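K.L.:
for reference, the sequence and a predicted model appear below.
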Amino acid sequence: MNLPNALTLSRLAVIPVLMVLLLVRFDGHDQLAAALFILFSLTDTADGQIARRRGTVTDLGKFLDPLADKIFVLSVLVVLVQEGLVAGWVVVVILAREMMITLLRSIAASQGRVIAAAPLGKTKTILQMGAVAFLILQRPYPELVPLAAVTLAFAVLLTVISGADYIWRMRHLIGIGERPSPRASSAESDPLARELGGLLSRSELTVAVAESCTGGLVGALITDQPGSSSYFLGGVIAYADEVKRDQLSVNATLLTRHGAVSREVALAMAEGARSRFSTAISASITGIAGPDGGSDEKPVGLTFIAVASDRGSRCEEFRFTGDRWGNRRQAAAEALRLLIEEAEAIARRPEQRPA
């Protein structure tokens, strides 16, 4: 149990307290309920950011986070329906959407695929939480009734739209359209690649990749995007140590001393790719995808992902616990997230110009 997972579980632990505060009657009970709801809603952003920055992303966290969000919001909404503060059909719409997406995720997981969280999904959750806060506060503050109604309307609308987006992207799971190969993820099914592509295009930044255990998967995800030739310059699939040395200028001493799967080699690979292709940003991935090749010191799933830019280089460690395809797919997703973070940091600089 790490800190991000503890923050996620805190949203579940506070639900009984919130329900009691909404049902009992004493001075300030609604205000206290709203304050607690807002406070614990903030953990939804904090847990993911901490997990990624500390390299403590786990399968438990990936399962708990969306589950905690759904139960947290829906539990409070059910009480608000009982108190006559919101129509019952609103809960039905939200619950139906969440059940459908959960079913699709389960089917995808059974096929070794991962449905990445889409930006619309996170925006939907934020709007829902904002609407619930206003719904709680409208009882002691009637002037908030119009604002609560408008926020709730937008939240319900985005709930339906984001649900339709998920279903469309995963339509092959319900027998609509051609089923994509499990070895390839199109841009249509990877919002992270789409987000990165848009950010790089707007900021006029270029990117390159150096991949070992992912075998070109990150490059494939990036180049699935139409127009990616304007920002993706190339990549190196450095599976063998000699390729890391010859193509990415990784010092042989690093490989001997630390091994190919190490923080030091990941950093050297990222810096080598950026130097080789003269890009603004680069990313590297080296890890043990499995099912063999692990040890007590370096177990299957251990993965190092590094990014390099003129801001410097950084590396994060991950310990994935899926099968070979699942570990590679998770590594690719985390690499895209790190590239997005780096591109956003560069784009925020007033003096930023492409390297």
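P.N.:
Arrived safely.

K.L.:
list the contacts for the closest residue in space to residue 87 that isn't next to it in sequence?
P.N.:
The shortest distance from residue 87 to any non-neighbouring residue, by Cβ to Cβ, 6 or more residues apart in numbering, is to residue 81 (7.4 Å). For every residue, glycine as well, the C-beta is placed using N, CA and C. With contacts taken as Cβ atoms under 8 Å, 6 or more residues apart in numbering, residue 81 has the following neighbours: 87, 88, 90, 91.

K.L.:
which SSE is residue 81 in?
P.N.:
In the assignment (DSSP states H and E), residue 81 maps to helix 59-82.

K.L.:
just checking, next helix/strand downstream of that helix?
P.N.:
Following helix 59-82 in sequence order, the next helix or strand is helix 88-110 (DSSP H and E).

K.L.:
list the buried residues of that following helix.
P.N.:
The neighbour-count check on helix 88-110 (16 or more other Cβ atoms under 10 Å) flags 90, 91, 93, 94, 97, 98, 101, 104, 105, 108 as buried.

K.L.:
pull the residues that contact that helix.
P.N.:
Contact with helix 88-110 is made by 70, 73-74, 77-78, 81, 114-115, 121, 128, 152, 156, 159-160, 162-163, 166-167, 170, 173-174, as judged by Cβ under 8 Å, 6+ apart.

K.L.:
give me the mean pLDDT for that helix.
P.N.:
Confidence for helix 88-110, expressed as mean pLDDT, is 81.

K.L.:
that one to helix 59-82, inter-axis angle?
P.N.:
Compare the direction of helix 88-110 with that of helix 59-82 by axes from the mean of the first three to the mean of the last three Cα atoms, to 10 degrees and you get 170 degrees.

K.L.:
export helix 88-110 as CSV, just CAs?
P.N.:
Output in CSV follows, covering the C-alpha atoms of helix 88-110 (Å, rounded to 0.1, in the frame of the first residue of the first chain):
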residue,chain,number,x,y,z
GLY,A,88,-33.4,10.3,-9.9
TRP,A,89,-32.9,10.0,-13.7
VAL,A,90,-29.6,11.8,-13.3
VAL,A,91,-28.2,9.0,-11.2
VAL,A,92,-29.6,6.4,-13.7
VAL,A,93,-27.9,8.1,-16.6
ILE,A,94,-24.5,8.3,-14.8
LEU,A,95,-24.8,4.8,-13.4
ALA,A,96,-25.7,3.3,-16.8
ARG,A,97,-22.7,5.1,-18.4
GLU,A,98,-20.3,3.8,-15.7
MET,A,99,-21.6,0.2,-15.9
MET,A,100,-21.1,0.2,-19.7
ILE,A,101,-17.6,1.5,-19.6
THR,A,102,-16.7,-0.9,-16.8
LEU,A,103,-18.0,-3.8,-18.9
LEU,A,104,-16.0,-2.7,-21.9
ARG,A,105,-12.8,-2.4,-19.8
SER,A,106,-13.4,-5.9,-18.4
ILE,A,107,-13.8,-7.3,-21.9
ALA,A,108,-10.7,-5.5,-23.1
ALA,A,109,-8.6,-6.6,-20.2
SER,A,110,-9.6,-10.3,-20.9
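
K.L.:
now the element after it, going C-ward?
P.N.:
Later in the chain than helix 88-110, the nearest helix or strand by DSSP H and E is helix 119-137.

K.L.:
now do that following helix: which elements does it pack against?
P.N.:
helix 29-41, helix 59-82, helix 145-169 (3 or more Cβ pairs under 8 Å, 6 or more residues apart in numbering; DSSP states H and E).

K.L.:
kindly reformat the ones you listed as CSV and extend each row with mean pLDDT and distance to residue 329.
P.N.:
Converted to CSV, the helices and strands packed on helix 119-137 look like this (pLDDT from 0 to 100; distance: least, Cβ to Cβ, whole Å):
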stretch, mean pLDDT, distance to residue 329
helix 29-41, 93, 29
helix 59-82, 82, 12
helix 145-169, 89, 15
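
K.L.:
would you turn those into CSV with distance to residue 195?
P.N.:
Written out in CSV, the entries for the helices and strands packed on helix 119-137 read as follows (distance: least, Cβ to Cβ, whole Å):
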stretch, distance to residue 195
helix 29-41, 23
helix 59-82, 18
helix 145-169, 14
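
K.L.:
closest one to residue 241 among those helices?
P.N.:
Closest to residue 241 of those, according to Cβ to Cβ: helix 59-82, at 29.7 Å.
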